[in-house]
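Asker: Using only what follows, build the 3D model:
(2 chains)
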Amino acid sequence: MPTSRSPIVSLHSGDHQSLSHSETPGAALEPRSVEESSVLDVFGSQWANIVLETGFSALNRGDLATELTVLAGDIADALLTDPFSDEAGFRTGVALVHTRLTDVVVLRKSSQLLSRLPRIIGRASPETAVRMSMLIGALGAGFAHALKEQTVHEQETIHSAVLAARGRAELALRASEERFRAVFEGAAIAVAICDVNGTFLDVNPVLANMVGEPTSAIRGRSVFDFVHPDDAIDMHREVFDKLARGEAGRAHVEKRFRRGNGEMGWTRLALSLVRSEDGSPDYLVAMGEDVTERHQLQHQLRHQALHDPLTGLPNRSLLYEKLDETFSRSRHDGRIGLLFLDLDGFKVINDRLGHGTGDRLLVEVADRLHATVTKRGHMVARIGGDEFVVLVSDSPGLDDLTVLADEILDTIKKPIKVDEHALPVNASIGIVERPIAGTEPAELMRAADSTMYWAKAEGKGRWRVYDEQRSEYELFLYRLESEMAGALDRGEFILNYQPLVGLEDGRIRGLEALIRWMHPEYGLLSPDKFIPKAEENGFILELGRWVLQQACMQGKAWQLSGAQPFVSVNVAMLQCTEGDLRADVLTALEHSGLAPEKLQLEITESAMMGGPMEPVAVLGDVVCEGVRVAIDDFGTGYSNWSALRRLPVHDLKLAGAFVEGLRPREGSLVEVDTRIVGTMISMAHALGLSVTAENVETQEQATRLRELGCDAGQGWLFAKPMSVLEVDKLLAANGRFDTGF
Amino acid sequence: MPRREWVPDSADTGRPSAARVYDYFLGGMHNFAADRANATAAAGVYPDLPRIMRANRSYLGRVVRYLVRAGIRQFLDLGSGIPTAGNVHELAHALQPRTRIVYVDIDPVAVAHSEALVHGDPRISVLQADVRQVESVLQAAESTLDFERPIGVLMVSLLHFIPENPGELIRAYLSRLDAGSYVALSHVSTEGPADQLAELVRLSGQTSTPLHLRPRTEIEQMISGLDLVEPGLVYLPQWHPDLPEDVGANPERANDYAAVIHKP
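Answerer: The predicted model follows:
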């Protein structure tokens, strides 16, 4: 093989699109005839078609055919030229590879085609056959040579490219890793990478600092070595199970963790799952911050919000929170109990000894309550100045609560030493105990509160148990109280009159005005239902004035019709002390035109003699105007006879109890009572007072009273309180009662 | 922590790459065993595949020559692969040596190879980029190409590697081109034997750029309303053949559509 003349092949793939070459080898050639050329053109086209079926050429079909025609011509020339050279064959093999026709099929088909070339050009002979086979051999050698060169070259370039690409990727990776390291190491938050089972693979210094152990001591250990035992199950459920199963890609949790020194802290974690290429969970990245201080602050703030700063006991908010909790959690058949405790006379201690002493007293009471109550598993809260509430959220029954109440009263009764004082403390306790179903916290508190007031009202230093009926009655009274003023405007109050009858002659001497309330809902209400409240809240002044006016007008009306009785009106102490009774009386008399002596005022013995001297003075004024005054219910109070001498009084009304004693019944001391009543009547007469007996119910009583010299009687024996119309009829009939004589 | 292999997919010689598989079909040696195995398997299930590959390369040559003759002096070759025989710059420079070319490919090995090939040639630059990041591709290409003048954008054998709306991608590039620019594309369709094509698509899943073949109607839709150079959307061999006989008796066996869009 003439290597010296073999084509110099550039390895640059782009340089050999053209297969033509500058040098044409061989000795002098006769120019090809036109016929020969056209045969070669056909051969070149055929050759191009064959190779293009199996390989790609950088040349298009036409150009490839032209080039192959030239090569075919070279080979044809080589067949006929002396000395013979196979160089054209070699060059052709190289050229095929350079035009990308690298498939061995191309070589085989080209060889097959070329082997027919001597015959095609009409030069078939044993000599040309030998030369042709040598040329085809050289074609193979050239093809193989070029293919090897190209393969080596292109493999080198692609390997270089791979290395270059990898180098760049590694640079990028290294830069990325460096950036990651910078972020990881320099982050202000804790960062950890762990596997799906929770083993730390790497942690940053902030995390190490947070748990107080070196990073090397943390790597390889389980997350659960650091999670608070109480949070471990939640941590498993909320994070690892979910993330590891790939159900969620992210999780946010706030959990307690354990520091190296055993202290507990709080951390807020954001966890995300990194998946491997096949999508399965690979590892977890956790970022966290130490929120211990915030937690402590929150805890502290919450404690502050829910506790009384003075005593440290739970406050009203926490009590309500626990109540709500109890109501929402408890079984429906559960029971609940409340003890509402209020210190007795605390205000006096505060006022007399100062708030500092009061506060110290409260602290001691709170401590004692706490000690007594919490050991039984209950809660005690301070809900106001000196008000405490014990919550028994799972009450075994009322008995346990009353035992507890006794214990509490005993506990706080031991004098409390504050400064130099040893202060005895008492308290009133309201107890409510009931099934949880059918009640609610606010209702329970209200009931306990009002029950505590019962204990206060009944003498303090005791407990009372809530009573539904009593409560309802109180509500009823409360409702009446709130409706009173409106009732007066609406004309719902009316006056009934009860005759005061002369025992000697049976004549009506006077008519006592008695107030009634025609309540639209409750019907006719007697004064004991509403007068006490009216006296408490001062409404009695207005109501009393109205009664006075009504009675005076009615009295005048009866007088105009020819009757002689006076009207008797009950007066409350408040009217003497707070109101202007004299002015009210004068106004009523003036408006009605009633003569003063036809008006009698009744005031109770206790009001008259038990209190300040004011009522006496006021009554004195009224008496000066000519109005009669009677002492109501005489004999139930002090019955101060000496005082009676100086009082501006005309009549004594003997309390019903004495009259009752005159009624012979088994076990009663009729004789004794008769003597007492007789003495009282004598003494009254000695003082120049007339006597009226109340509650005369039987003829026997009336007879005795008359025998004892009693002037008048009042009671069912004669008449019940009557409407104005009934009185009108009675008077019109010139009614006289049969007094039995 | 377990180290992840962050070496790019195509630099992993154990995994086939579309660019190297293509090179193999064109008789190149810029490939590895995994590429050759993938190519052989693909040709095994779809025997027309080598023909289609060659037809594509041939179409690229005809398009470049056509566009240079139409006055185009700038090319943006998207998804250029490994530019071996019949590459754009050789074709263009043979006719017009001052033609400027930007090669863009997502495959870092193809890019590294291209860079080695054209190293030092100021008329040519190579970008590694995802052609879907239109703005960043155009911005990087601006140092070589003048967007105030017509450009020939080549999307030859590219769009069937784009899973999402390729019509939008074409329009995104068109909108940034000067009047007189062209976009040349070819796209393998789903018209061939369904099971063979399905297997072909499955095999392409071994590479990082799987195939997304589309029916003709979708390919038509992708270029609807755009000005097409005659003869419009045709089978690859039918687009301006060098010789009438190059079309062959069964151009549909190429199963690959070609069209060149002209921006008026």
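Asker: Would you mind measuring from B:Gly152 to B:Leu185?
Answerer: From B:Gly152 across to B:Leu185, the span is 12 Å (C-beta to C-beta, to the nearest Å). The way it works is simple: take the backbone N, C-alpha and C, and place the C-beta from them, glycine included.
Asker: scratch that, A:Val392
Answerer: 85 Å.
Asker: what do you get for B:Pro83?
Answerer: 18 Å.
Asker: same question, A:Asn60
Answerer: 21 Å.
Asker: Equivalent analysis for A:Ala175, please.
Answerer: Counting by C-beta to C-beta - A:Ala175 and B:Leu185 are separated by 36 Å.
Asker: With neighbour numbers in mind, choose between the two.
Answerer: When neighbours are counted by other C-beta atoms under 10 Å in any protein chain shown, B:Leu185 comes out ahead of the other of A:Ala175 and B:Leu185, with 25 against 10.
Asker: ok, now which ones touch the spatially closest residue to the more buried one that is not a sequence neighbour?
Answerer: Excluding the flanking residues, the one nearest B:Leu185 by C-beta to C-beta, 6 or more residues apart in numbering or on different chains is B:Met155, at 4.1 Å. Neighbour list for B:Met155: B:78-79, B:170, B:183-186 [criterion: C-beta atoms under 8 Å, 6 or more residues apart in numbering or on different chains].
Asker: Quote the end-to-end distance of stretch A:691-702.
Answerer: 13 Å (C-alpha to C-alpha, to the nearest Å).
Asker: for stretch A:621-632, that is, sorry about that
Answerer: 19 Å.
Asker: Flag every buried residue along that stretch.
Answerer: A:621-623, A:627-632 (16 or more other C-beta atoms under 10 Å in any protein chain shown).
Asker: Let me see the mean pLDDT of it.
Answerer: For stretch A:621-632, mean pLDDT rounds to 87.
Asker: Could you do stretch B:257-264 as well?
Answerer: Here the average pLDDT along stretch B:257-264 is 95.
Asker: contacts for it?
Answerer: So stretch B:257-264 is contacted by B:59, B:63, B:66-67, B:150, B:170, B:174, B:177-189, B:216, B:219, B:223, B:226-229, B:232-236, B:238-239 (C-beta under 8 Å, 6+ apart).
Asker: Just the C-alphas of it, formatted as CSV.
Answerer: The C-alpha coordinates for stretch B:257-264 follow below in CSV (Å, rounded to 0.1, in the frame of the first residue of the first chain):
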residue,chain,number,x,y,z
TYR,B,257,-43.6,17.1,9.6
ALA,B,258,-41.7,20.2,8.4
ALA,B,259,-42.7,23.8,8.1
VAL,B,260,-40.9,27.1,7.8
ILE,B,261,-42.7,30.1,9.2
HIS,B,262,-42.0,33.5,7.7
LYS,B,263,-42.5,36.7,9.8
PRO,B,264,-43.8,39.3,7.4
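Asker: is chain A contacted by stretch B:103-111?
Answerer: Yes: Stretch B:103-111 reaches chain A (C-beta under 8 Å from any C-beta of the partner chain) through B:108-111.
Asker: got those as a markdown table, with pLDDT and neighbour count columns?
Answerer: What follows is these, written out as a markdown table (pLDDT from 0 to 100; neighbours: other C-beta atoms under 10 Å in any protein chain shown):
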| residue | pLDDT | neighbour count |
| --- | --- | --- |
| B:Pro108 | 88 | 24 |
| B:Val109 | 89 | 30 |
| B:Ala110 | 90 | 30 |
| B:Val111 | 91 | 26 |
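Asker: Give me the subset of the residues you listed lying in strands.
Answerer: Among the residues of stretch B:103-111 next to chain A, none falls in strands (DSSP state E).
Asker: Helices - which of the residues you listed land there?
Answerer: Residues of the residues of stretch B:103-111 next to chain A located in helices (DSSP state H): B:108-111.
Asker: what about stretch A:409-427, how long is it end to end?
Answerer: Using C-alpha to C-alpha, the end-to-end distance of stretch A:409-427 comes to 7 Å.
Asker: For it, buried residues please.
Answerer: Quick answer for stretch A:409-427 (16+ other C-beta under 10 Å): A:409, A:411-412, A:416, A:418, A:423, A:425, A:427.
Asker: ok so, going back, go through the contacts of B:Met155 and name the one nearest chain A.
Answerer: B:Ser186 (15.3 Å; C-beta to the nearest C-beta).
Asker: The residue in the stretch 201-350 of chain A positioned nearest to chain B in helix, strand or coil?
Answerer: Nearest residue of the stretch 201-350 of chain A to chain B (C-beta to the nearest C-beta) works out as A:Leu201 at 4.2 Å. Under DSSP: H, G, I helix; E, B strand; the rest coil, the three-state class of A:Leu201 is strand.
Asker: tally of neighbours for it?
Answerer: 15.
Asker: Name the SS class of the closest residue in space to A:Asp230 that isn't next to it in sequence, please.
Answerer: Distances taken as C-beta to C-beta, 6+ apart put A:Arg256 closest to A:Asp230, at 7.1 Å, once the chain neighbours are dropped. Secondary structure, three-state DSSP: A:Arg256 is strand.
Asker: Model confidence for residue 187, exactly?
Answerer: In the absence of a named chain, chain A is used. For A:Ala187, the predicted pLDDT is 85.
Asker: sorry, should have said chain B
Answerer: pLDDT, read off for B:His187, is 94.
Asker: same check, this time on A:Val670
Answerer: 76.
Asker: ok, it touching A:Leu662?
Answerer: Yes: using C-beta atoms under 8 Å, A:Val670 is in contact with A:Leu662, at 6.6 Å.
Asker: Who has more neighbours out of those two?
Answerer: More neighbours surround A:Leu662 than the other of A:Val670 and A:Leu662, with 25 against 14 (other C-beta under 10 Å).
Asker: Just to check, the more buried one is in contact with A:Arg675?
Answerer: No: using C-beta under 8 Å, A:Leu662 is not in contact with A:Arg675, being 10.7 Å away.
Asker: which residues of chain B fall in strands?
Answerer: Going by DSSP E, chain B shows strands at B:74-78, B:100-105, B:124-128, B:152-155, B:182-188, B:234-235, B:256-262.
Asker: Of those strands, which is nearest A:Pro527?
Answerer: Nearest of these to A:Pro527, taken as C-beta to C-beta: strand B:124-128 at 106.2 Å.
Asker: Can you list the strands that the closest one pairs with?
Answerer: strand B:100-105 (parallel) (DSSP bridges).
Asker: what's the offset of the partner strand from the middle of its chain?
Answerer: Its chain's C-alpha centre and that of strand B:100-105 lie 11 Å apart, by C-alpha atoms, centre = their mean, to the nearest Å.
Asker: Output it in CSV with nothing but the alpha carbons.
Answerer: C-alpha atoms of strand B:100-105 as CSV (Å, rounded to 0.1, in the frame of the first residue of the first chain):
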residue,chain,number,x,y,z
ARG,B,100,-23.5,34.4,12.6
ILE,B,101,-24.8,31.4,14.5
VAL,B,102,-25.9,30.8,18.1
TYR,B,103,-26.3,27.2,19.2
VAL,B,104,-28.5,26.5,22.1
ASP,B,105,-28.9,23.2,23.9
